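K.L.:
Give me the fold of what follows.
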Amino acid sequence: MRLDEEELRAIILASFALKHFRLDILLEEERDGTEILSEEDGEPEEEGEDERAPKRKKKAARVHGLSRKVRQEEDSDETLNLLLRCNPPEIPPAELFFDGEDMVGECSKPFWKQLTVSDLDGGLCRLTFQKEYVVKALIPLLEDSERPGANKATQVTVFGKDGAAHQMMLKMWAGNKMMYVLSSGWKEFHTHYKFREHCDFVIGWMFRHKQTRKICFAITSRRFHAQKPLSSRIRKSVFKY
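P.N.:
Now for the predicted structure:
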């Protein structure tokens, strides 16, 4: 069958239009694909930022926590140098504790410590000693019958800076961390002298009374401007036994 000229022209035009239609579809698909690809390329950056954000927050929190810890401790060189210049005498001053009367026999090296919240806690009611100090300075002065144990305490007389005598118990607390403490009278003692946490530092000695031969302590205090617990650096430098 032969096509006339009009039919042939129509077929050619239709074929040409179909080619261009298919080309437009391909171009549109290619453009769509490019846009989607671009969005996908951008998504990892957003996801990466999301993944890094919690890490940055955690790091910031750690730094903030560290800075808070630093602020919660007294670690200045000024405080360190001030404490290093304070050298307690080797024996308790008689004029301070005993109206000048000589009562001190064998005597330990002086101890001193910054009073903490737990030292003044009404529920705990005890003054703690460093174990190293007790082993080196106190135990050698005690007879076997006087040495505190897990189920054994020693009664002692504690003299304050006004000469008043207070009865307490020297004990060993056995637990996760063994400690030696003065208790059973410590609360009344620190209340009487109005001790305050952090700013008050107690200075004391254990000695054997010349007349009674009983074990005694003499404890006084000094007040500084410290408002926070001392750092480990300062404690290790100052409180050496």
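
K.L.:
Strands along this structure, start to end?
P.N.:
104-107, 111-114, 126-129, 154-159, 165-173, 179-183, 200-209, 215-223 (DSSP state E).

K.L.:
Just the buried residues of the first one, please?
P.N.:
Counting neighbours by 16 or more other Cβ atoms under 10 Å, one finds that the buried residues in strand 104-107 are Val104, Cys107. Bear in mind the C-beta positions are built from the backbone N, C-alpha and C, glycine included.

K.L.:
got it, and the fourth one?
P.N.:
Within strand 154-159, the residues that qualify as buried by neighbour count (16+ other Cβ under 10 Å) are Thr154, Val156, Thr157, Val158, Phe159.

K.L.:
Spit out the contact partners of the nearest residue to Lys161 once chain neighbours are set aside.
P.N.:
Spatial nearest neighbour of Lys161, chain neighbours left out: Thr220 (4.2 Å); criterion: Cβ to Cβ, 6 or more residues apart in numbering. Residues near Thr220 by Cβ atoms under 8 Å, 6 or more residues apart in numbering: Pro92, Leu96, Phe97, Gly160, Lys161, Val202, Ile203, Gly204.

K.L.:
quick one: low-confidence parts of this protein?
P.N.:
Low-confidence segments of the chain, defined by pLDDT under 70: 1-71, 175-176, 241.

K.L.:
among the strands of the chain, which is nearest Pro140?
P.N.:
strand 104-107 (9.3 Å; Cβ to Cβ).

K.L.:
Just give the strands next to that closest one in its sheet, each with its orientation.
P.N.:
Next to strand 104-107 in the sheet, as set by DSSP bridges, lie strand 200-209 (antiparallel).

K.L.:
who touches the strand it pairs with?
P.N.:
Residues contacting strand 200-209 (Cβ under 8 Å, 6+ apart): 83, 88, 91-92, 103-115, 127, 137-138, 141, 156-157, 195, 214-224.

K.L.:
picking that back up, among the buried residues of strand 154-159, which one sits closest to Ser76?
P.N.:
The closest of the buried residues of strand 154-159, once distances to Ser76 are taken by Cβ to Cβ, is Val158, at 32.3 Å.

K.L.:
Show me the one of the strands of the chain that comes nearest Ile234.
P.N.:
strand 111-114 (9.1 Å).
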